[in-house]
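Participant: Structure, please.
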Amino acid sequence: PGSHLFRESMSMSSGRLVLDTSLGAISLALLSAAAPLTVNHIKSLVSANLYDNCCFYRSDFVIQCGLQTPDGRSVPNPYDDLSVNESQSPANKAVGNKRGTAAVAHWDVPDCGNSEFFINLSDNMHLNDAYGGYCVFAQIQEEDNESWETVDRIANVIKNDPQQRPRIHHIQVLLV
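Facilitator: Below is the predicted model:
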């Protein structure tokens with residue numbers, strides 16, 4: 001149904017990522033004050049179209065997306081991983097890994113971040129410190145019913161059939 005975009009609208013005080021998937025839109029408010037390096041890292045990956053034709057592939061306590069295609073193939077990341085983990089900053093700890101927040105994934109090494117990210121399906125406060133912590137960089141606004149419904153729809157589709165991988169058709173950054 002039409003063009004699918006991962007859009008970002010910027011203002012002086014905040015930004016927004018809108019991820020249009022095969023199952024609907026998810027709008028995330030960027031948390032630049034809590035994770036400035038992580039937000040810039042995600043923005044650069046989106047600008048490079050790194051997520052085009054990738055998919056959500058995990059649904060347990062989070063829905064995770066990254067460099068996998070719907071048929072399970074891995075997509076190489078030509079960019080470096082994030083070399084810092086901002087999860088332990090006071091601003092990031094104040095946000096925490098609550099339902100509807102998006103955090104950057106990382107290897108089981110504390111001070112890094114890779115190109116994958118996840119959206120928490122429930123409050124996962126243990127992720128604030130696990131493996132050095134998972135840095136939250138965005139969140140769904142409480143009143144955004146469409147985004148909440150899309151996240152839950154993606155989670156249910158994957159839970160019911162792990163071979164189903166809701167798709168990110170195209171990602172584009174639009175600066176306003």
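Participant: S147 - that's part of a helix, no?
Facilitator: Yes: the assignment for S147 (DSSP: H, G, I helix; E, B strand; the rest coil) places it in a helix.
Participant: do you know how far it is from E116?
Facilitator: 19 Å (CB to CB, to the nearest Å). Quick note: C-beta positions are derived from backbone N, CA and C, even for glycine.
Participant: check contacts around E146.
Facilitator: E146 is in contact with G24, A25, S27, counting by CB atoms under 8 Å, 6 or more residues apart in numbering.
Participant: Now with 10 Å, please.
Facilitator: Residues near E146 by CB atoms under 10 Å, 6 or more residues apart in numbering: G24, A25, I26, S27, I140.
Participant: isn't the first one right up against V157?
Facilitator: No: here G24 lies out of contact with V157, judged by CB atoms under 10 Å, at a distance of 11.0 Å.
Participant: okay, and the common contacts of these two?
Facilitator: Joint contacts of G24 and V157 (CB under 10 Å, 6+ apart) are P166.
Participant: Same drill for these two, tell me which one is more crowded.
Facilitator: V157 (18 against 15; other CB atoms under 10 Å).
Participant: which SSE is that one in?
Facilitator: Secondary structure assigned from DSSP states H and E places V157 in helix 145-160.
Participant: Tabulate the CA atom coordinates of that helix in PDB.
Facilitator: This file holds the C-alpha atoms of helix 145-160, laid out as PDB (Å, rounded to 0.1, in the frame of the first residue of the first chain):
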ATOM      1  CA  ASN A 145      -2.700   4.600  19.600                       C
ATOM      2  CA  GLU A 146      -1.700   3.800  16.100                       C
ATOM      3  CA  SER A 147       1.900   3.200  17.000                       C
ATOM      4  CA  TRP A 148       1.000   1.100  20.000                       C
ATOM      5  CA  GLU A 149      -1.400  -1.000  17.900                       C
ATOM      6  CA  THR A 150       1.300  -1.500  15.200                       C
ATOM      7  CA  VAL A 151       3.900  -2.700  17.700                       C
ATOM      8  CA  ASP A 152       1.400  -5.200  19.300                       C
ATOM      9  CA  ARG A 153       0.400  -6.400  15.800                       C
ATOM     10  CA  ILE A 154       4.000  -7.000  14.800                       C
ATOM     11  CA  ALA A 155       4.700  -8.800  18.100                       C
ATOM     12  CA  ASN A 156       1.600 -11.000  17.600                       C
ATOM     13  CA  VAL A 157       2.300 -11.900  14.000                       C
ATOM     14  CA  ILE A 158       5.900 -13.100  14.900                       C
ATOM     15  CA  LYS A 159       4.700 -14.900  18.000                       C
ATOM     16  CA  ASN A 160       2.000 -16.800  16.100                       C
END
